[in-house]
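Asker: just coords:
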């Protein structure tokens, strides 16, 4: 199944036969004091810098999130989107759960964005899906509902089912729905990786939709997180993740190697080109 | 299924529920001039050094191979085995396809070794299996036969079947057979990774035996080999490899991370202990 999104100049196709597409996650003020301070002042230089860095590092899509204390999302999110569009030409993933801010941001966006996100919660479904339909966007569906994140893979699949049914009923085609079956820290639950991998496999097999995952959550609280993230990412991509949400600077080369060993890089051209570019940069 | 092997002091259990066991691959003169020269002179200091380094790096088992030009395997292999036994107490994988040398080496070994290897070739089956039975060893079976290494995963499964049938007919229990479905360079064939992974999954599902793999062959001729090897190792372990043949110094931490995300490291204890040891060393 192909999810097609775009910026004003560029179309990106997410599929399970093409290359793994990376959603760059760095434009998010959580835990970043410098970005928080800049957003509070209405200064978008840090946003632009992160956008350029992530695209240079190999991000195919950029997630843009401005949620932080004392930041007026309704005013700031559209401006952050415009700042990113002014410096890079990759499609954007508008990351907000405030429908009013989403509406303002989606209005200024040029192209077909991804809305991040809708969940299985009734309020979210009712508020977000109509906006996604109205603006012809794609949407990320999180496998959480009014009862929280299920511990069982099968229940995450059920929520994915529900989101797809409701989205299709609202007129959004299945190919525009991307499921995120949620990674939880192994530090809290040593079976968390298995549950998420099983959910990904089930969703891939039964629903066939594209899938994203904030893979680095898996290592929260553990030492040497990148080693754990990379191992998990390999298994998650093999299981069915087609557009992980990641720090492109940390994992681009590993993801190219994963695509290569999975037979998704003809003659190893992308892996070798990336190696040459690294060497010459 | 559990394969139990031992040194004079230590039993190692290979299984698909316990930790991934690493067979250290460094005691092999191919491409190592210093080791070749030492073996030619009957000097085993380099062998001892590599043995200690691999065990310190986390190898659970050591592969010992002395095959090089001008090295008399029948005389040198038993001495190399004795040299390794004198400095470390892990089980040994006797790596030779010369039956006379195998016989001399297996005679001096104290414990239950792994014989590396038998293949599906008639000559190999006829010469190696009786020795494995006589000395009560475990054995690695390579999925290659008189027609070479099959390009199809299903044919590698067939050879694995044949080796197991012949071994069982010779009185070797199934749990003492470890299959190696062979990794070939992606540089020569960009579907090589997929074929091997499919073969591993089929063998795991249909035969249930333990499996090894010289995973680093996958990246022969490619740049930044370790990135490719690590991605492949994650997928191979998830597919069914329980005792990969590797350079422990390069991949130990990654393999611990793979076990962790696969739910095979209770409370992350092994991963965290290894991290602490690295930090303090």
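Answerer: Sure, I can see it. These numbers come from a predicted model, not from an experiment. Residues are numbered from 1 along each chain as shown, chains lettered A, B, ... in the order given.

Asker: what's across from the residue sitting nearest the centre point of chain A in the sheet?
Answerer: Most central residue of chain A, judged by C-alpha distance to the mean C-alpha position with Cα atoms, centre = their mean, is residue A:245 at 4.1 Å. When bridges are taken as DSSP bridges, the partners of residue A:245 come out as residue A:23.

Asker: Stretch A:54-70 close to chain B?
Answerer: No - no part of stretch A:54-70 sits near chain B under the criterion Cβ under 8 Å from any Cβ of the partner chain; the closest distance found is 13.7 Å. Bear in mind the C-beta positions are built from the backbone N, C-alpha and C, glycine included.

Asker: model confidence over that stretch, on average?
Answerer: The predicted model assigns stretch A:54-70 a mean pLDDT of 97.

Asker: My guess is residue A:48 contacts residue A:81. True?
Answerer: No - using Cβ atoms under 8 Å, residue A:48 makes no contact with residue A:81, being 11.8 Å away.

Asker: more crowded one of these two?
Answerer: Neighbour count, other Cβ atoms under 10 Å in any protein chain shown: between residue A:48 and residue A:81, residue A:81 has more, with 26 against 17.

Asker: just the helices in the stretch 101-250 of chain A please.
Answerer: Chain-ordered helices for the stretch 101-250 of chain A, with DSSP state H, counting those that start in this stretch as the definition, fall at A:122-134, A:153-169, A:192-206, A:225-239, A:248-261.

Asker: centre of the chain versus the helix or strand following the last one, how much separation?
Answerer: Right, helix A:248-261. Moving toward the C-terminus from helix A:248-261, the first helix or strand encountered (DSSP states H and E) is helix A:269-280. On the basis of Cα atoms, centre = their mean, to the nearest Å, the separation between the geometric centre of helix A:269-280 and that of its chain is 25 Å.

Asker: what does helix A:269-280 rub up against?
Answerer: Taking Cβ atoms under 8 Å, 6 or more residues apart in numbering or on different chains as the criterion, the residues outside helix A:269-280 that touch it are A:19, A:58, A:252-253, A:256-257, A:259-260, A:265, B:222-224, B:228.

Asker: What residues sit buried inside that helix?
Answerer: Neighbour counts over helix A:269-280 (16 or more other Cβ atoms under 10 Å in any protein chain shown) mark A:270-272, A:274-275 as buried.

Asker: Wait, residue A:45 touches residue A:38, no?
Answerer: Yes - with contact defined as Cβ under 8 Å, residue A:45 counts as touching residue A:38 (6.5 Å).

Asker: quick one: which of the two has more around it?
Answerer: residue A:38 (18 against 9).

Asker: Count the residues that sit near the spatially closest residue to that one that is not a sequence neighbour.
Answerer: When the adjacent residues along the chain are set aside, residue A:38 lies closest to residue A:46, with 4.4 Å between them (Cβ to Cβ, 6 or more residues apart in numbering or on different chains). Taking other Cβ under 10 Å as the neighbour definition, residue A:46 ends up with a count of 19.

Asker: Sort out which residues of the helix or strand harbouring residue A:46 are buried, please.
Answerer: Residue A:46 belongs to helix A:45-56 when assigned by DSSP H and E. Going by neighbour count (16+ other Cβ under 10 Å), the buried part of helix A:45-56 is A:46-51, A:53-55.

Asker: Switch the contacts of helix A:269-280 over to CSV; also include distance to residue B:197.
Answerer: Conversion of the contacts of helix A:269-280 to CSV gives the following (distance: Cβ to Cβ, whole Å):
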residue, distance to residue B:197
A:19, 18
A:58, 25
A:252, 22
A:253, 20
A:256, 17
A:257, 14
A:259, 14
A:260, 13
A:265, 15
B:222, 17
B:223, 22
B:224, 21
B:228, 14
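
Asker: ok, so of the residues you listed, who is nearest residue B:132?
Answerer: Distance to residue B:132 across the contacts of helix A:269-280 (Cβ to Cβ) is lowest for residue B:228, with 33.2 Å.

Asker: Who are the contact partners of the spatially closest residue to the closest one that is not a sequence neighbour?
Answerer: Using Cβ to Cβ, 6+ apart and skipping residues adjacent in sequence, the residue nearest residue B:228 is residue B:219, 4.0 Å away. With contact set as Cβ under 8 Å, 6+ apart, residue B:219 has these partners: B:185-187, B:225-226, B:228-229, B:232.

Asker: Pick the one among the residues you listed closest to residue B:209.
Answerer: For the contacts of residue B:219, the residue nearest residue B:209 by Cβ to Cβ is residue B:232; the value is 20.4 Å.

Asker: Check the closest one and give its pLDDT.
Answerer: With respect to pLDDT, residue B:232 scores 97.

Asker: do the same with the one 4 residues further on
Answerer: pLDDT for residue B:236: 97.

Asker: Can you tell me how far it is from residue A:120?
Answerer: Taking Cβ to Cβ, to the nearest Å as the criterion, residue B:236 is separated from residue A:120 by 35 Å.

Asker: higher neighbour count, the two?
Answerer: Under the criterion of other Cβ under 10 Å, the comparison of residue B:236 against residue A:120 puts residue B:236 first, with 28 against 23.

Asker: and that one, what does it touch?
Answerer: Remark: with contacts taken as Cβ under 8 Å, 6+ apart, residue B:236 is in contact with B:183, B:196-197, B:200, B:213, B:215, B:244.

Asker: same thing with residue A:136?
Answerer: Applying Cβ under 8 Å, 6+ apart, we find residue A:136 in contact with residue A:112.

Asker: Provide the backbone phi and psi angles at it.
Answerer: Phi and psi for residue A:136, reported as degrees, to the nearest 10, are phi 60, psi 40.

Asker: In this structure residue A:176 contacts residue A:135, no?
Answerer: No - between residue A:176 and residue A:135 no contact is recorded; they are 11.2 Å apart, counting by Cβ under 8 Å.

Asker: So between the two, which is more surrounded?
Answerer: For residue A:176 versus residue A:135, the count of surrounding residues by other Cβ under 10 Å is larger for residue A:176: 23 against 17.

Asker: what about the more buried one, distance to chain B?
Answerer: Noted for residue A:176: a distance of 29 Å to chain B, by Cβ to the nearest Cβ, to the nearest Å.

Asker: angle of the lowest-mean-pLDDT helix or strand in chain A against helix A:248-261?
Answerer: Using mean pLDDT, DSSP states H and E, helix A:269-280 stands out as the lowest-scoring helix or strand of chain A, at a mean of 93. When axes from the mean of the first three to the mean of the last three Cα atoms, to 10 degrees is applied, the directions of helix A:269-280 and helix A:248-261 differ by 140 degrees.

Asker: Now for residue A:121: which residues touch it?
Answerer: When the contact criterion is Cβ under 8 Å, 6+ apart, the partners of residue A:121 are A:144-146.

Asker: can you check residue A:52 too?
Answerer: Contacts of residue A:52 were listed using Cβ under 8 Å, 6+ apart, and they are A:87-88.

Asker: which bits of the stretch 51-200 of chain A sit near chain B?
Answerer: Applying the criterion Cβ under 8 Å from any Cβ, the portion of the stretch 51-200 of chain A that neighbours chain B consists of A:186-187, A:190-191, A:193-194, A:197.

Asker: please redo it, this time with the cut-off set to 10 Å
Answerer: With Cβ under 10 Å from any Cβ of the partner chain as the criterion, the stretch 51-200 of chain A meets chain B at residues A:183, A:186-187, A:189-197.

Asker: what about burial for those, which qualify?
Answerer: When those are checked for burial by 16+ other Cβ under 10 Å, the buried set is A:183, A:186-187, A:190, A:192-197.

Asker: will you turn the residues you listed into TSV that also has distance to residue A:15?
Answerer: Shown next, in TSV, are those (distance: Cβ to Cβ, whole Å):
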residue	distance to residue A:15
A:183	22
A:186	29
A:187	33
A:190	33
A:192	27
A:193	25
A:194	26
A:195	25
A:196	21
A:197	20
